[in-house]
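> this one's sequence-less:
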């Protein structure tokens, strides 16, 4: 009888963990953004910043207002109007 009890306890303990793991695996993965040189970048408000001039490491570089600005790729997403950063124009200056 003790084997049955231990088996039931083990099942009761692992069942919630297993179902949580399955739930995480079935969630859709976030789409990764792959910026390209020449691709237009917009700010958080959707305003045009300019085309991506270069990509180095985890940053893209954009020239606007005659200055080059570094934008971390972690802030990039695909919005309604295309590639967009979560940063405001004022945050880049």
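Noted; the coordinates are in hand. Keep in mind that what you see is a predicted model, and the values were worked out from it rather than measured.
> where do the strands of the chain begin and end?
Taking DSSP state E, the strands of the chain run over residues 40-42, 48-56, 59-64, 67-72, 76-79, 82-85.
> tell me which residues in the last one are buried?
Neighbour counts over strand 82-85 (16 or more other CB atoms under 10 Å) mark 83-85 as buried. C-beta here means a position set from N, CA and C on the backbone, and glycine is covered the same way.
> name the nearest of those relative to residue 49.
residue 85 (7.6 Å; CB to CB).
> between the strands of the chain, which one is closest to residue 93.
Short answer: strand 67-72, nearest of these by CB to CB, at 7.5 Å.
> in the sheet, which strands lie alongside the closest one, parallel or antiparallel?
strand 59-64 (antiparallel) (DSSP bridges).
> show me the contacts for residue 60.
35, 41, 52, 54, 70-71, 73, 76 (CB atoms under 8 Å, 6 or more residues apart in numbering).
> and the residues you listed, which are buried?
41, 52, 71, 76.
> now tabulate those in JSON lines and tack on distance to residue 93.
Listed next are these as JSON lines, based on distance: CB to CB, whole Å:
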{"residue": "41", "distance to residue 93": "15"}
{"residue": "52", "distance to residue 93": "18"}
{"residue": "71", "distance to residue 93": "12"}
{"residue": "76", "distance to residue 93": "18"}
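> related to what we said a few turns ago, make CSV out of the strands of the chain and add distance to residue 91.
Shown next, in CSV, are the strands of the chain (distance: least, CB to CB, whole Å):
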stretch, distance to residue 91
strand 40-42, 13
strand 48-56, 11
strand 59-64, 13
strand 67-72, 10
strand 76-79, 14
strand 82-85, 9
